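> Show me the folded form of this:
(chains A and B, ligands or ions: 2)
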Amino acid sequence: MSLEINGVRAAFGGLVALDDVSLTAEPGAVTALIGPNGAGKTTLFNVISGLVPPERGSARLDGTELIGRSARQVARLGVARSFQELRLFGGVSVQEQTMFAAERSVLTRSRESRARATEILDRLGLSAARRSLAADLGYGQQKAVSIARMLAMNGRAWLLDEQAAGLAPREYELFCEVVAEAKDRGLIILLIEHNLRLVKDLADVVVFLDRGRELVTGTAHEVFSNELVRSLYFGERD
Amino acid sequence: MLEYLATVGTLTGIFAIAAAGLNITLGYAGVFSAAQAVFVGIGAYVTALLGPQVGGSLIICAVAAAGCSVAVAMVLALTSLRVSDEYFMVASLAFQIMVSTVFTGWYSVTKGTDGISGIPYPRLLGTELSTPETQSRLIWVVAALVVALTAVLRRGSVGRLFLAIREDPVATQTLGRSPTLGKYVAIVLGAAVSSLGGVLYAFYIGFINSAAFDYSLSIQLTAIVIVGGIGWSLGPVVGSAIVVAAVPLISLLDLPSTTVGPLEQLIYGALIIAAVGVRGYIPSAVVLRERWAARAGGARPWRRAHGPVVKP
Ligand SMILES: Nc1ncnc2c1ncn2[C@@H]1O[C@H](COP(=O)(O)OP(=O)(O)OP(=O)(O)O)[C@@H](O)[C@H]1O
Ligand SMILES: [Mg+2]
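Ligands and ions are numbered 1, 2, ... in the order given. Predicted coordinates for the structure are as follows:
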């Protein structure tokens, strides 16, 4: 029961975005991916979720190979992801897109998906906004809608791409609660964050990526005090 | 004059039905098909050829028309959905031109531009609808049913899939659903509904020829859907009232008869461009609102750069 990434290499033309990356994300734990802009963090998510085919390597969810499957198949195997740019359905109401995420096919009963959406929107404080179009919401609420869709998918693994960035304090707290709850339910949680306070608070394992290479893995304390991380990421010289 | 108005009113209903099909394909699912006239034409030809054989049975003609147009729509979807959205538009236009050529050129069956006359009155539940008034009533009942059905479709799980595809196919996939399958269904359903418009058209006019179903009808249907408010279930009725009923009023102006036709085409084009210009781009009914929201909240928030790295 884990998400195992092994020897993943991905390139765009001559640019090697991921160079032999390996890591394991355990269930009931938060694995944080940190690293400078352009390190390849989002690309790794794209590889796992079936949007970018890697040159080689494997990604196994509970032993099932994800590489080579379509994004749709990966999602149906239980991988729920968010996007840095959110990719909400701007012209669709909050309730409807949450319902959509809860439906596995057009045969799913609307009553079931509506009940599930209502429950999730309540939890995320979006009840009052449920009829609003996603495009009409503020940034923090849009990020909550992105989480709502992931919750609705009822997946086994979460890939969160900078979901906490730009949140107001109360939204931030809610986000941390939701992640903690997911962790308690035994989900595999992989998150990309630039906010190192959040990483320190939430992450059980931290993986430092730089220019496509996975350089340091350990606890937050170990990684943050690592010389290489300090010089490459924090820009410190001593 | 009154008769003229009644005819225009009935044609408005027929075009609303035909456009309601395109509203499913283009308005809901965002698939820009430039071949919708093909399905109206199939409905009309099935009626013209089959109608006399079956004593004008509306149900038989409608079922046969829907069946044929679904089959042809599958061909369009299978051959053209592999490519990107922009190419689909071009491919569907090519498809429209090919089928138009068949309508015109397959003289032994379609009688080309000479056309087929002698289409019987429609018969429904054993009653022959032999007056324009009863047919007009039938057409508006069908239009109301079609609007109601598309509204129900829009609010259900199929509607949610269509809208998701229109808004973001990549996110649709990562939510575990298939954009291709959804587009396929949207094209096929849209074709079936539009063919119904063709059936009613053939019965009402009593004569059809190939010129009625060429690319300019596709443009007209697109204009109706866009002007009426894309993706809104009542939109085709509103759009049809503007495009079919209001625009032809220019013929009341004192213009030479040869300029009226081209002028109408120009107005349709201008209406499409105006409606699209107002909305920013085609596949969304709400971009206007979206833009207001963006303006109110400054730039699109997710486009901004990362916040500062918070050190531990
Ligand atoms: N689709 C693509 N086509 C070409 N190059 C790409 C593509 N996606 C990513 N890249 C490149 O791959 C590298 C890694 O990008 P990636 O988005 O994975 O970085 P990141 O670690 O997520 O950075 P950030 O913190 O800025 O989000 C970058 O140099 C980027 O320009
Ligand atoms: Mg990124």
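> Relative to ligand 2, which residue of the stretch 1-150 of chain B is the closest?
Using Cβ to the ion, the single residue of the stretch 1-150 of chain B nearest to ligand 2 is residue B:84, 24.8 Å away. No exception for glycine: its C-beta is placed from N, CA and C like everyone else's.
> measure stretch B:106-124 end to end?
For stretch B:106-124, the first-to-last residue distance is 31 Å (Cα to Cα, to the nearest Å).
> In it, which of the residues would be classed as buried?
B:110-112, B:116, B:119-123 (16 or more other Cβ atoms under 10 Å in any protein chain shown).
> Number of residues surrounding residue 99?
Because you didn't say which chain, this covers chain A. 27 (other Cβ atoms under 10 Å in any protein chain shown).
> wait, I meant chain B there
By other Cβ under 10 Å, neighbour count at residue B:99 equals 22.
> Can you give me the pLDDT of the residue nearest to it when sequence neighbours are not counted?
Closest residue to residue B:99 in three dimensions, ignoring its sequence neighbours and counting by Cβ to Cβ, 6 or more residues apart in numbering or on different chains: residue B:38, at 4.5 Å. pLDDT for residue B:38: 98.
> Quick check: residue B:38 is in a helix.
Yes - using DSSP: H, G, I helix; E, B strand; the rest coil, the assignment for residue B:38 is a helix.
> How about the contacts made by it?
B:69, B:72, B:76, B:95-96, B:99-100, B:191, B:213, B:218 (Cβ atoms under 8 Å, 6 or more residues apart in numbering or on different chains).
> secondary structure element for the spatially most central residue of chain A?
Taking Cα atoms, centre = their mean as the criterion, residue A:160 is the residue nearest the geometric centre of chain A, at 1.6 Å. Assigned by DSSP states H and E, residue A:160 falls within strand A:157-161.
> residues in contact with residue 51?
No chain specified, so I'll use chain A. Contacts of residue A:51 by Cβ under 8 Å, 6+ apart are A:71, B:170, B:173-174.
> Chain B was what I was after
B:57, B:61, B:119-120, B:122, B:202-203.
> where do the strands sit along chain A?
With DSSP state E applied, chain A shows strands at A:3-12, A:15-25, A:29-34, A:56-61, A:64-65, A:79-81, A:157-161, A:188-192, A:205-210, A:213-218, listed in chain order.
> Mind putting those into CSV with mean pLDDT?
As requested, the strands of chain A are exported to CSV (pLDDT from 0 to 100):
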stretch, mean pLDDT
strand A:3-12, 97
strand A:15-25, 97
strand A:29-34, 97
strand A:56-61, 97
strand A:64-65, 98
strand A:79-81, 98
strand A:157-161, 98
strand A:188-192, 98
strand A:205-210, 97
strand A:213-218, 95
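> tell me which residues of stretch A:162-182 are tucked away?
Result for stretch A:162-182 [16+ other Cβ under 10 Å]: buried residues A:162-167, A:171-172, A:174-175, A:178-179, A:182.
> pretty sure the residue nearest to the centre of chain A contacts residue A:189?
Yes - at 7.1 Å, residue A:160 and residue A:189 qualify as touching, with contact defined as Cβ atoms under 8 Å.
> which neighbours do the two share?
Residues touching both residue A:160 and residue A:189 (Cβ under 8 Å, 6+ apart): residue A:179.
> what's the neighbour count on the residue of chain A found nearest ligand 2?
Relative to ligand 2, the nearest point of chain A is residue A:42 (3.1 Å; Cβ to the ion). Neighbourhood size, residue A:42 [other Cβ under 10 Å]: 20.
> hang on, it packs against residue A:81?
No - with contact defined as Cβ under 8 Å, residue A:42 and residue A:81 do not form a contacting pair (10.2 Å).
> Where does pLDDT dip in the chain?
Using chain A here. Low-confidence segments of chain A (pLDDT under 70): A:236-238.
> Switch to chain B, please.
Short version for chain B, where the test is pLDDT under 70: B:278-312.
> If we use 50, what do you get?
Within chain B, the segments meeting pLDDT under 50 span B:280-312.
> and the stretch 101-250 of chain B, which residues reach chain A?
B:156-158, B:160-161, B:163-164, B:166-168, B:170-171, B:173-178, B:231 (Cβ under 8 Å from any Cβ of the partner chain).
> Now with 7 Å, please.
B:156-158, B:160-161, B:163-164, B:167-168, B:170-171, B:173-178 (Cβ under 7 Å from any Cβ of the partner chain).
> Buried members of these into ChimeraX, please.
ChimeraX command restricting those to the buried ones, with burial defined by 16+ other Cβ under 10 Å:
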select /B:157,158,160,161,163,164,167,168,171,173,174,175,176,177,178
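> dump the residue contacts of residue A:92.
Residues near residue A:92 by Cβ atoms under 7 Å, 6 or more residues apart in numbering or on different chains: A:133-134, B:163-164, B:167.
> Pull the most distant pair out of those.
Farthest-apart pair in these is A:133 and B:164; separation 13.5 Å (Cβ to Cβ).
> Does residue A:50 touch residue A:79 like I think?
No - checked against Cβ atoms under 7 Å, the pair residue A:50 and residue A:79 is beyond contact range at 8.4 Å.
> The two: who's more crowded?
residue A:79 (28 against 23).
> Which residues are in contact with residue 36?
Defaulting to chain A. Residue A:36 touches A:210, A:232-233, counting by Cβ under 7 Å, 6+ apart.
> meant chain B, my bad for not saying
B:21-22, B:194, B:218, B:221.
> Without its sequence neighbours, what residue ends up closest to residue 153?
As the question left the chain open, I've gone with chain A. Using Cβ to Cβ, 6+ apart, the nearest residue to residue A:153 is residue A:80, at 4.3 Å.
> The intended chain is chain B.
Distances taken as Cβ to Cβ, 6+ apart put residue B:159 closest to residue B:153, at 5.4 Å, once the chain neighbours are dropped.
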